[in-house]
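Enquirer: Show me how the following folds:
(one chain, ligands or ions: 1)
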Amino acid sequence: MSRPAIDFFRDAFGEPPRAVASAPGRVNLIGEHTDYNGGPVLPIAIAERTTVAVGPGPVNAPGVLEAVSTRYHKVIRVRWQEELPKGWAAYVAGVLRELWALEALPRMDGGGVRIAVTSTVPVGAGLASSAALSVAAAKALVTLAGATLTPRQVAGVAFRAECDHVGVRCGVMDQTIAALAKREHALLLECASLETRQIPFHARLFLVDSGVRHNLSAGRLNERRAECEAAVKRLKVELPELVWLASWPAQWLLRLKRALREPLRSRAVHVVGETARTRLAAQLLERGRLKQFGALLYESHESCRRLYDCSAPELDTIVAAAKRAGALGARLTGAGWGGAAIVLVSKTDKKTIPAIQRAFQRSYGRTPPVMEVAASAGTHTERL
Ligand code: GLA
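Expert: Next up, the predicted model:
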């Protein structure tokens, strides 16, 4: 796993790296757009990983970050304390700034560092490729510094890098699962308290890629988050102590609907409903009730589509075809507006995936890529 990153580092910089770490992408089983609203999420890590090899910075260039990625090939060279690079290296610079503040970076040469990145996590497919990068970079750099950070602290560094430096107003889900994931487990994460529960996950799950790509920082996620904040502001008139939208009592739905106008009403109804669904889904999964669990996935998709308005026609085609073919459940995963859908099938089911591909082919003239996903491990350092 670490070999390509080590070789790539050596090719780019003419010397071997001093530390290597990797982190996974994720799919979220249920709990969409709840994390930044203080609600629960239920993601698993996938086998696709990003690997980051690091070493000291170039000589006579204090405070300089040199970064390369197999995806882009150009060497990025930047004084990261003064300037935030554009594109993927901004995440790395954000991580450097956060680690510097924590004194968890080598202090010599003003924090100069070299980084080489290899990855098998698809970009823009809703699989949290940026969190895999930020978490792997944080883990590798902490190892280089000989510092010790807990997995939760690594997740915190990566989260603040994305949120405070890159400016994507994401929640804590992606970085937390990339840091804390356990093989064959889903993670129930309560995002307001950061309470976690590992739940065994052995079901057969496929990922169907709609092929529609989205750019998060440019867009709709920030807009939705602003809408949710506006909803909380208005709802505080009803419930003065309300902090998180997800904490609105589910039994007061009528009151919520009366207090809000569209589109805030729909957004808030989604968040409150999705919060209840996710907690119930975690209980059902724990008891092995896959059929009922799957039914909640369909409900979640419908709520994302109708109320949160974050689906795409291609995703709806996949989910509808899954339902017709008798899949246990299916829904978009991640922010939405493109990316991939998950499809949950029984152990013996052989016909659902081909049926989805045929339906998609009929509508869009191409066959969507499909991969089976297994719940994988979180970030770790790799052997040199
Ligand atoms: C993106 C964000 C996550 C989460 C999802 C929606 O993937 O990075 O933090 O908000 O959208 O559930």
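
Enquirer: Mind checking what secondary structure A21 has?
Expert: Following DSSP: H, G, I helix; E, B strand; the rest coil, A21 is assigned to strand.

Enquirer: what about it, neighbour count?
Expert: Neighbour count of A21, defined by other Cβ atoms under 10 Å: 27. In short, each C-beta sits where N, CA and C put it, glycine included.

Enquirer: what do you get for the one 5 residues further on?
Expert: One way to gauge burial is a neighbour count; for R26, by other Cβ under 10 Å, it gives 33.

Enquirer: For it, give the beta-bridge partners.
Expert: Taking DSSP bridges as the rule, R26 bridges to A45.

Enquirer: wait, isn't it in contact with A128?
Expert: Yes: the pair R26 / A128 is scored as a contact, 4.8 Å apart, by Cβ atoms under 8 Å.

Enquirer: Find the residues that touch each one of these two.
Expert: 173-174, 177-178 (Cβ atoms under 8 Å, 6 or more residues apart in numbering).

Enquirer: would you list these in a markdown table and tack on pLDDT?
Expert: Below are the shared contacts of R26 and A128 laid out as a markdown table (pLDDT from 0 to 100):
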| residue | pLDDT |
| --- | --- |
| M173 | 98 |
| D174 | 98 |
| I177 | 98 |
| A178 | 98 |
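
Enquirer: Among these, find the one with the greatest number of neighbours, please.
Expert: Highest neighbour count within the shared contacts of R26 and A128: A178, with 34 neighbours (other Cβ under 10 Å).

Enquirer: Could you see whether the ligand lies near the lengthiest helix in the chain?
Expert: Ranked by residue count, the top helix of the chain under DSSP state H comes out as helix 264-286. No: under the criterion of Cβ under 6 Å from any ligand atom, the ligand is not reached by helix 264-286; the shortest gap measures 8.9 Å.

Enquirer: What helices and strands are in contact with that helix?
Expert: In terms of contacts (3 or more Cβ pairs under 8 Å, 6 or more residues apart in numbering; DSSP states H and E), helix 264-286 is packed against strand 40-41, strand 185-190, strand 195-200, helix 220-235, helix 253-259, helix 290-306.

Enquirer: Buried deepest among the ones you listed, which one?
Expert: Among those, the stretch with the highest mean neighbour count (mean count of other Cβ atoms under 10 Å) is strand 40-41, at a mean of 28.

Enquirer: can you list the helices and strands packed on helix 264-286 in CSV and add distance to V272 and mean pLDDT?
Expert: Formatted as CSV, the helices and strands packed on helix 264-286 follow (distance: least, Cβ to Cβ, whole Å; pLDDT from 0 to 100):
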stretch, distance to V272, mean pLDDT
strand 40-41, 12, 98
strand 185-190, 15, 98
strand 195-200, 19, 98
helix 220-235, 10, 95
helix 253-259, 7, 97
helix 290-306, 10, 98
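
Enquirer: Out of the ones you listed, which gets nearest to the ligand?
Expert: Across the helices and strands packed on helix 264-286, the ligand has its closest neighbour in helix 220-235 (5.8 Å, Cβ to the nearest ligand atom).

Enquirer: packing partners for the closest one?
Expert: Applying 3+ Cβ pairs under 8 Å, 6+ apart, we find helix 220-235 packed against helix 253-259, helix 264-286.

Enquirer: May I see the helices and strands packed on helix 264-286 arranged in CSV, with distance to R277 as well?
Expert: CSV is the format used below for the helices and strands packed on helix 264-286 (distance: least, Cβ to Cβ, whole Å):
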stretch, distance to R277
strand 40-41, 9
strand 185-190, 13
strand 195-200, 15
helix 220-235, 17
helix 253-259, 13
helix 290-306, 5
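
Enquirer: Select, out of these, the one closest to L242.
Expert: L242 lies closest to helix 220-235 among those, at 5.5 Å (Cβ to Cβ).

Enquirer: Hmm, V319 is touching A325, no?
Expert: No: V319 sits out of contact with A325 when judged by Cβ under 8 Å, with a separation of 10.9 Å.

Enquirer: Fine by me, we can end here.
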